[in-house]
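1. Predicted model and sequence below, questions to follow.
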Amino acid sequence: MSRVPAVIADDEPLLRAQLRARLARIWPELDVVHEMENGKGVEAVIGDHEPSIFFLDIHMPGVNGLEAARAIAGRAHVVFVTAFDQYAVEAFEQGAVDYVLKPFNEERLAITVDRLKGRLGSQPLPIDELVATLAARLAPKANENHLRWIKASVGSNVRLIPVEEVLFFQSDDKYTRVVTCDGESLIRKPIRELLDELDPAKFWQVHRATIVNVDWIASVRRGLKDQAEISLKDCQETLVVSRAFTHLFKQM
Amino acid sequence: MKSYAYLFEGLTTRRVLVVTAICAIAAAMVVRSFLNTYPDLLVSALCVGYTSMLLFTMAGNMRQSRLPREVVQVGAIVVGSFVGTVLAGIVKGRDIRHMFGERLEGVSITMGLGIGFGCVVVAWYILREKHARERERMMRAEAERHQLEKNVLEARLALMQAQVEPHFLFNTLANVQHLVETDPPEASRVLDSLIKYLRAALPQMRESTTNLGRELEMARAFLEINRVRMGSRLQFAIEVPETLKTHAFPPMMLISLVENAVKHGVDPCCDCGTITIRAREDEGRLRVSVEDTGEGIKPKKGGGVGLSNIRERLKALYGTSARLVIEEREPRGVVASIEVPA
C-alpha cells in the first residue's frame, strides 16, 4: 500500500506530537508530511505537499480550523480535532464529518482512521454548509462594527475604558468628556464621530453636545422650555435633553 | 416672551386661590384694628398678596446661583409688599405723594402686614418644599441601597457560577496524556498545577476567605499549565513581595485578569509573549497588576464580560474605594490592575 500524505494543524506542540504518535501506531502508512501551528498558508502547504488528509484543530489563533477547512475547499479530506465542545460535537454528528476529540481515545481514533481509509479514493465530503454553521456558532463575529473601548490619555498612560462603563459623552470645547463612575477623562474624538461608531441601541444622542448610555439612566424628568432632564445612576450630574431629542423619552 | 415663560412656572390656579384665601383671612383678622372697611382692606391685601406671589414665583424660578434661593424669595416678599402697597394706593385712586406724606404711617402698616404674612407663608412653603426634597432623597437612597444589595447578590452568584472551562480542562488532560508517555516527571508537574488550579477554581472546593498569596498560587498554576501547552510562546514572571502575600484579596479576580492576558493578549498574537504579575502597596492601597506583551486591545473588539463582573464585585465589596484600571502598555500589550484598600 502506498503512503498517505497528511498534515496536522494544532497550536499546541505537544498535542501535535501526541496525534502524530497515535496515528503512527494505528495507521503506519500515514505519512505526516507537515505540521502547522495554525491554518495560515494552507494554499502553500497544498502546493508543496499535496496532502490527502488535513487534521485541523478548531481553535487556533490566527487562522482557525474552520477557516482553514474553507480554504482547503474540498481539495483534501478534513478531520476536525477538538477538545470538549458541545456545539461542535452536535454539529459533527448531524453532518457526518470526521472528527476526533482531545484527549485522544485510541479506539475512537481507529474508527475514524477506518472510515478515512474507506473514503480515500473518493471525493472529500462536502463540508461547506457545516463549516458555515459552526463558524457562526463557535466564533460569533461579536459585532465588530461598534466601538467597544475608549482610549483616553491619563497622564502619560493610555487608559482603556469599556464603553459599557461610560455614563455619558459630552463635548467640552475642543475635547469630549468621557464620564464614568470613577471619574472622567478627555478624548479628542468629537461627539459627531462617536455617534457614528457607538452602538445606537445603547448610546443615544440627547443634546447637540451629549451622548448618554441608556443603561445608566435612572430617570428622566420633564423640565422647562420643552426640555427634559436625565438623572443618572451613581452620578450626581444631570443631563439636559434638548427639545429636538425629547421625543426619545415620550411615554409609550 | 416665550423664552421667559419658565419664570412663571408653578403659578397655578391653586396657588392664586390659596393667596386669595390668605388675603381674605388676613384682612378679616386685622379689620377690627383699622378704621378702614373690610372691602378696602381686602383690596390692599390682594394687591400686596398678588404682587408678592408673582415676584416670589419668579424669584423661585430664577436661574442664578449667587444667593440662596430662599434669600431671593424673602427679598421678593419685601419688594412685593412695597410695590403692592403702592399698587393698592393707585387702585384706590389715592395721590402717591400724599401716601408717602401724611399717610405714611398707614402705608407702613400695610407694608408691614404684607411682609409679616408673606414671610409666614413663605416659611411654611419653604419648609414643605424642603420636606418633599428630603423625602425624595431618602427614597432615592433607599432605592440605591436595594440596587447595591442586588448587585452584591448577583456578584456572589456570578462567582459561584464561575467555573473551569471544559475546553481548557480537556486540552490540559490531552497534554498530560502525551507527557505520561514521553516525559513522566513533566506530566506529574502539570498534573500538580492542574490540581492546584482546580482546587481554587471549582466553586465547591473554594475556600470562603482568601488572600493575595493564594490567588497568586492559582494564577501561577494556570500559567504553568499554559506554558506547557503553548510551548515557548508564553513566558511569565510573578514579582510580588513576600510581605504582601498575606493581604486579603477578593477571590477569582486575579485569575480572571490572567486568563484575559493569555486568551486575548498572548495567544492571539502568534509569536511569543510575556505575562508579569506585580503587586505593591502605597498610600494605604494595594495595587495588583497583570501586564502582557500581547496584541493589545482593538477599539472594536469585545471581551469585557469578565471585566464588568470584576468591576461590579469590587463595587459591591468596597464601594468607591476600589477600582479596576486597564491601560495600554508601551510598545504593545495591556496592563490591567486592581486597586483595593490595603
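-> Everything's here; your move. Numbering: from 1, shown residues only, chains lettered A, B, ... in the order given.
2. Please identify the buried residues of the strand ranked longest in chain B?
-> The single longest strand within chain B, with elements called by DSSP state E, is strand B:273-282. Residues of strand B:273-282 classed as buried under the neighbour-count rule (16 or more other CB atoms under 10 Å in any protein chain shown) are B:273-279. Quick note: C-beta positions are derived from backbone N, CA and C, even for glycine.
3. any idea where the strands of the stretch 151-252 of chain A begin and end?
-> Secondary structure of the stretch 151-252 of chain A (DSSP state E, counting those that start in this stretch): strands located at A:157-162, A:166-172, A:175-180, A:183-187, A:203-207, A:210-213, A:217-222, A:228-232, A:235-241.
4. swap that for chain B, sorry
-> Listed in chain order, the strands of chain B (DSSP E) span B:234-239, B:273-282, B:285-292, B:323-328, B:334-341.
5. Mind checking the pLDDT average for the last one?
-> Put plainly, it is strand B:334-341. Throughout strand B:334-341, pLDDT has a mean value of 94.
6. Same check on the longest one?
-> In this model, strand B:273-282 has an average pLDDT of 94.
7. how big is the angle separating that strand from strand B:285-292?
-> Strand B:273-282 and strand B:285-292 meet at an angle of 170 degrees, taking axes from the mean of the first three to the mean of the last three CA atoms, to 10 degrees as the criterion.
8. hmm, who's touching the least confident helix or strand in chain A by mean pLDDT?
-> Lowest by mean pLDDT, DSSP states H and E among the helices and strands of chain A is helix A:86-95, with a mean of 72. With contact meaning CB atoms under 8 Å, 6 or more residues apart in numbering or on different chains, helix A:86-95 is reached by A:58, A:80, A:82, A:97, A:99, A:101, A:127, A:129-130, A:133-134, A:137-138.
9. Show me the residues you listed that map onto helices.
-> A:129-130, A:133-134, A:137-138 (DSSP state H).
10. Adding pLDDT and neighbour count as columns, could you present these in TSV?
-> Shown next, in TSV, are the ones in helices among the contacts of helix A:86-95 (pLDDT from 0 to 100; neighbours: other CB atoms under 10 Å in any protein chain shown):
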residue	pLDDT	neighbour count
A:129	80	9
A:130	81	20
A:133	80	15
A:134	79	24
A:137	74	14
A:138	68	17
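11. For chain B, tell me which of the residues you listed show up nearby.
-> Among the ones in helices among the contacts of helix A:86-95, no residue sits close to chain B (CB under 8 Å from any CB of the partner chain).
12. Quick one: the strands in the stretch 1-150 of chain A, in order.
-> In the stretch 1-150 of chain A, the strands defined using DSSP E, counting those that start in this stretch lie at A:4-9, A:30-36, A:53-57, A:77-82, A:99-101, A:149-154.
13. Give me whichever of these is most buried.
-> Each of the strands of the stretch 1-150 of chain A was scored by mean neighbour count; the highest is strand A:53-57, a mean of 27, by mean count of other CB atoms under 10 Å in any protein chain shown.
14. That one to strand A:30-36, inter-axis angle?
-> Using the same axes, to 10 degrees: strand A:53-57 against strand A:30-36 is 50 degrees.
15. got the residues of the stretch 1-150 of chain A near chain B?
-> Contacts of the stretch 1-150 of chain A with chain B, taken as CB under 8 Å from any CB, map to A:11-15, A:17-18, A:21, A:37-38, A:40, A:59, A:61-62, A:83-85, A:101-104, A:142-150.
16. just the buried members of those?
-> If we count by 16+ other CB under 10 Å, those have these buried: A:11-15, A:17-18, A:37-38, A:40, A:59, A:61-62, A:83-85, A:101-104, A:146-150.
17. From these, which land in helices?
-> Judged by DSSP H, helices contain the following of those: A:13-15, A:17-18.
18. Okay, the closest residue to residue A:212 other than its chain neighbours and residue A:227: tell me how far apart.
-> Spatial nearest neighbour of residue A:212, excluding adjacent residues (CB to CB, 6 or more residues apart in numbering or on different chains): residue A:168 at 4.5 Å. As judged by CB to CB, to the nearest Å, residue A:168 and residue A:227 stand 16 Å apart.
19. Compare those two and say which is more crowded by neighbours.
-> Set side by side, residue A:168 and residue A:227 show more neighbours around residue A:168, with 24 against 17, by other CB atoms under 10 Å in any protein chain shown.
20. From residue B:186, how far out is the nearest residue to residue B:326 once chain neighbours are set aside?
-> Nearest non-adjacent residue to residue B:326, counting by CB to CB, 6+ apart: residue A:160, 4.3 Å away. Using CB to CB, residue A:160 is found at 37 Å from residue B:186.
21. Mind checking which of the two has more residues around it?
-> Using other CB under 10 Å as the criterion, residue A:160 and residue B:186 rank with residue A:160 on top: 22 against 16.
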